[in-house]
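Student: Sequence and predicted structure, then a few things I'm wondering about:
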Amino acid sequence: MIIGNRKTSYLEDEKILNNNYKKAFVFGMIALAIALPFFADDYTILMASLVGIMLIAVVGVNVVIGYTGLLSLGHAGFVAIGAYSVSIIHNLLGEWGVPDVLQPWLALPGAMGVAALIGILVGLPSLRVKGIYLAVATLSANFIIIFLIEIDTFSQWTGGRLGLTTPDPNFFGWVLDSQREVYALIAFCAFATILMVQNLFRTRVGRAFIAIREKDYSAEILGVSLLKYKLTSFAISAACCGLAGAMAAYFYAKVLPEQFELALSLQLVAALIVGGMGRTMGPVFGTIIIVLVPEILKISMGAMMGSSIEAAQLRAPIQEIVFGGLIIGFVLFEPLGISQIMDRFFRALNRWPFARG
Amino acid sequence: MLSVADVHLSFGGLKALQGVSFDAAAGEITGIIGPNGAGKTSLFNVISGFYKPNQGHILFEGKDVSGLKPDARAHKGMSRTFQNIALFRGMTVLDNIKLGCHTNLSANVWSSLLYFGSAQREELKARKEIEEEVIDFLEIDHIRKAPITALSYGLQKRVELARALAMRPKLLMLDEPVAGMNREETADMARFILDAQARFGTTILLVEHDMHLVMDICAKVVVLNFGKQIADGVPHEVAHNQNVIDAYLGQAG
Ligand SMILES: Nc1ncnc2c1ncn2[C@@H]1O[C@H](COP(=O)(O)OP(=O)(O)O)[C@@H](O)[C@H]1O
Ligand SMILES: [Mg+2]
C-alpha cells in the first residue's frame, strides 16, 4: 500500500518523471536510442527509423484526438504536406543558391509551418461539427490534399504521381546521406517532440485542450476560447505530422503521393488506440506495436509457410485482419490502451510485496 | 456591478424570460428564486453568454457585454457553477481547479512547449496560490489528487465552487449550490459562500430552491415565475409579497 508521498515542494510535485520506474524507463530508452547506430544492423536501423517517424506523427495525432477529443482521420494529409514542403523548399533554396548548411534550418520549420497552416484550415470544421461528421470532413481533406499533389496543374512543383526526390540534409557541415545518419536525426526529433508536447500539458494550453475534450461548455465558462484552442490543437498536431513527413522524406530521399493515403491515417489512429489515447506513452507503445506486427507476421509466416508466392499473397489480408482485431479488441476491452495495462502493472509492482513510497 | 436590462428569451413558442430587469450590487449576494421551470437557469445562461436574448442587454461594470462569448465574459471576471455539476470528470480535483485559473495565467503555445522559464514560474506560482487560497479555504486538501468520479455529490459541488473561485471572479454565479445536499453539507456550503464574499469581496448571484438559505444570506431577492419577474427587494419584503406567496411560497407550503 502506498501510505503517502514524500514530496516536499510544489516543484517536485509538478515533475513529469515523478517516480523511479518512469525515470529508469525514459533514460533507458534514450541510452538505447543513442547506442543503436553503433551496433545495430541495417534492418534494425530501418525498423527503429520507421518507429521514430511514425511516433512523431502519432504524438501529433494524440494532441487532436487523444487530448482535445476531436476525431480526425486526415492526418496522413499533414504528413504529406510536411514531406512535400520540405522537399520543395530544399529544391527551391538549392536553385536560389542558398548554402546547403542553411537549408535544413529553413526547410524544416518551413515544412512544419506550412503543415500547421493547412492544419488550421482542415481544423475549421471542428468549430461546427463533432464526432463522425468531423471525421468525415478531415478524411475528405486527406483525399483533397493527395488529389492536389497528384493533379497535373501543380506537378511542376510536386512531381505529380512520380513524386519528388529530397536532397540529403546538411547539418553543421555533416551530410546525412545514409539511413543510419538520418536515424540519428529522427531519434532526436522524436524525443524532442515527445518532450515538448508533454510540456504543453503541464501548462494552461494543454489543460485547455483536455478541458475541451471533457466538457466544452465548462471550458468556455472558464475562459477557454473554443475557436482559439481547437485551431491551436490542429496547428500543433499538423506541425508534428509535418515534421514526421519531413523525416520520412529525408529517410527515403524520395516522396511519393501513395505513401500518404487514407491507409496511413488509419494506421496513425490505430497506433493511438492500441497505445492509449490522451496518454504520454500511448503513442510510444502503439507505434512500436503497429510497426512491428507486420514484421513479426512476415517472419512467422515465412517460418511456417516458406517463401512461396501464396504465403506472400496471404500476408496483406492477414495483416489487415490482425490490425482490425487489435483495434476492436482494445476499443472493447482496454479503451485506454497499453498505457492502462502498464499503469496497472506498475501499480501492482509498487505494492508488492511491501509498501513503497 | 451587474445590470440585467429588460431581457426576453424564447425557445420557439416558449417564453422562458419576459422582461427581466434587476441590478446586482457590488460585493453583495443577490438571490434569484422561483418555481421549477421559472427561467432561473435560462437567465444564468443569458448572463454568462450561452443564450442570446431576443431582446435586452447585460451590463457588467457599466459596459454592455451582450455581444461577448462566454469565454470573453470569463476574461472580464464572470464565473459560474452549473445546476448539474459540470466538472471535468476525467481529471483530478487539482487539475479542475487549475483550469479555473486559466484566465489569470498567460503562457502561450511557445512558452508552454518549452515549459522551463516563464511557463514553469507561472505554474508554480499558480499552484501555490491555489493551495493557499482555494484548497485550504474550502477544506479540500485531502482530495486534491482524487479523480472527480471518486467524490460524493456534496464534495463535487464544493470542488465546482473551488474551480469557480480559482479565477478570482468579480461576479460569481451559483446555480442551486445546495440542491440535493443534506443539512450539514448545506450549512458548510452556506459558510463557504459567505466566507468567499467576505474574503474576496466577490459579487454573488445565487439561484436556489432552499428558501431558508436565500432568506438568510441574500441582501436582495429577485423572484421569477413562468419567465416573468414578479417581485424583487430585500428578503423579508419579498417573503410577504402576495404574488410571491401565491406563486411560490404558498405552493411550497
Ligand atoms: N435549451 C432549451 N430549449 C428549449 N427549452 C428550454 C431550454 N432551456 C430551458 N428551456 C425551458 O425554459 C423554461 C425555463 O427553464 P429553466 O431556465 O431551466 O428553469 P429553472 O432553472 O428556473 O428551473 C422551462 O420551461 C424549460 O423547459
Ligand atoms: Mg434551473
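Tutor: In hand now; what should we look at? Owing to the predicted nature of the structure, the values given are computational and were not obtained by experimental measurement. Ligands and ions are numbered 1, 2, ... in the order given.
Student: Could you list the contact residues of chain B toward ligand 2?
Tutor: Proximity of chain B to ligand 2, by Cβ under 5 Å from the ion, involves residues B:40, B:41, B:83. Quick note: C-beta positions are derived from backbone N, CA and C, even for glycine.
Student: The second one should be in a helix, yeah?
Tutor: Yes - judged by DSSP: H, G, I helix; E, B strand; the rest coil, residue B:41 forms part of a helix.
Student: check contacts around it.
Tutor: Residues in contact with residue B:41 (Cβ atoms under 8 Å, 6 or more residues apart in numbering or on different chains) are B:83, B:175, B:207.
Student: Okay, and which of the residues you listed map to helices?
Tutor: Assigned to helices by DSSP state H, none of the contacts of residue B:41 qualify.
Student: what's around whatever residue of chain A ends up closest to ligand 2, how many residues?
Tutor: Using Cβ to the ion, the single residue of chain A nearest to ligand 2 is residue A:217, 15.0 Å away. By the criterion of other Cβ atoms under 10 Å in any protein chain shown, residue A:217 has 15 neighbours.
Student: element containing it?
Tutor: Assigned by DSSP states H and E, residue A:217 belongs to helix A:216-221.
Student: Show me what counts as buried in that helix.
Tutor: A:216, A:218, A:219, A:220, A:221 (16 or more other Cβ atoms under 10 Å in any protein chain shown).
Student: these two touch, right, the residue of chain A closest to ligand 2 and residue B:50?
Tutor: Yes - under the criterion of Cβ atoms under 8 Å, residue A:217 makes contact with residue B:50 at 6.9 Å.
Student: Enumerate the residues of chain A near chain B.
Tutor: A:10-11, A:13-14, A:196-197, A:199-200, A:202-208, A:210-211, A:213-215, A:217-226, A:232, A:236 (Cβ under 8 Å from any Cβ of the partner chain).
Student: and for residue A:217 and residue B:50, which residues touch both?
Tutor: Joint contacts of residue A:217 and residue B:50 (Cβ under 8 Å, 6+ apart) are residue B:70.
Student: check contacts around whichever residue of the stretch 51-200 of chain A sits closest to chain B.
Tutor: In the stretch 51-200 of chain A, the residue that lies nearest chain B is residue A:199 (3.7 Å; Cβ to the nearest Cβ). Contact analysis of residue A:199 by Cβ under 8 Å, 6+ apart lists A:206, B:112, B:113, B:114, B:115, B:119.
Student: helix or strand right after the helix or strand harbouring it?
Tutor: Using DSSP H and E, residue A:199 sits within helix A:179-200. Next helix or strand after helix A:179-200 toward the C-terminus (DSSP H and E): helix A:204-214.
Student: what is the mean pLDDT for that following helix?
Tutor: Helix A:204-214 shows a mean pLDDT of 96 in the predicted model.
Student: Output that helix as PDB, restricted to C-alpha atoms.
Tutor: Extracted in PDB, the C-alpha atoms of helix A:204-214 (Å, rounded to 0.1, in the frame of the first residue of the first chain):
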ATOM      1  CA  ARG A 204      -2.700  26.200 -19.300                       C
ATOM      2  CA  VAL A 205      -2.600  25.500 -23.100                       C
ATOM      3  CA  GLY A 206      -2.700  21.700 -22.700                       C
ATOM      4  CA  ARG A 207      -5.200  21.800 -19.900                       C
ATOM      5  CA  ALA A 208      -7.400  23.900 -22.100                       C
ATOM      6  CA  PHE A 209      -7.300  21.100 -24.800                       C
ATOM      7  CA  ILE A 210      -8.200  18.500 -22.200                       C
ATOM      8  CA  ALA A 211     -11.000  20.700 -20.900                       C
ATOM      9  CA  ILE A 212     -12.500  20.900 -24.400                       C
ATOM     10  CA  ARG A 213     -12.400  17.200 -24.600                       C
ATOM     11  CA  GLU A 214     -14.000  16.700 -21.200                       C
END
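Student: And it, what does it pack against?
Tutor: helix A:179-200, helix A:216-221, helix A:226-252, helix B:93-100, helix B:109-114 (3 or more Cβ pairs under 8 Å, 6 or more residues apart in numbering or on different chains; DSSP states H and E).
Student: Of those helices, which stretch is the most buried?
Tutor: helix A:226-252 (a mean of 27; mean count of other Cβ atoms under 10 Å in any protein chain shown).
Student: Surely residue A:33 and residue A:194 touch.
Tutor: No - counting by Cβ under 8 Å, residue A:33 does not reach residue A:194; the two are 11.5 Å apart.
Student: ranges for the strands of the stretch 1-150 of chain B?
Tutor: Remark: strands assigned in the stretch 1-150 of chain B by DSSP state E, counting those that start in this stretch are B:2-11, B:14-24, B:29-33, B:55-60, B:63-64, B:78-80.
Student: tell me the most buried of those strands?
Tutor: Note that of those, strand B:78-80 is the most buried (mean count of other Cβ under 10 Å), with a mean of 27.
Student: What helices and strands are in contact with that one?
Tutor: Against strand B:78-80 (3+ Cβ pairs under 8 Å, 6+ apart) you get helix B:40-48, helix B:153-166, strand B:171-175.
Student: quick check, that strand touching ligand 1?
Tutor: No - Strand B:78-80 stays clear of ligand 1 (Cβ under 6 Å from any ligand atom), getting no nearer than 13.0 Å.
Student: So what are the sheet partners of that strand and their directions?
Tutor: Sheet pairing for strand B:78-80, assigned by DSSP bridges, gives strand B:171-175 (parallel).
Student: What lies in contact with the partner strand?
Tutor: Defining contact as Cβ under 8 Å, 6+ apart, one finds that strand B:171-175 is touched by B:1-2, B:24, B:40-41, B:44, B:47-48, B:60, B:77-83, B:161, B:164-165, B:193, B:196, B:202-208.
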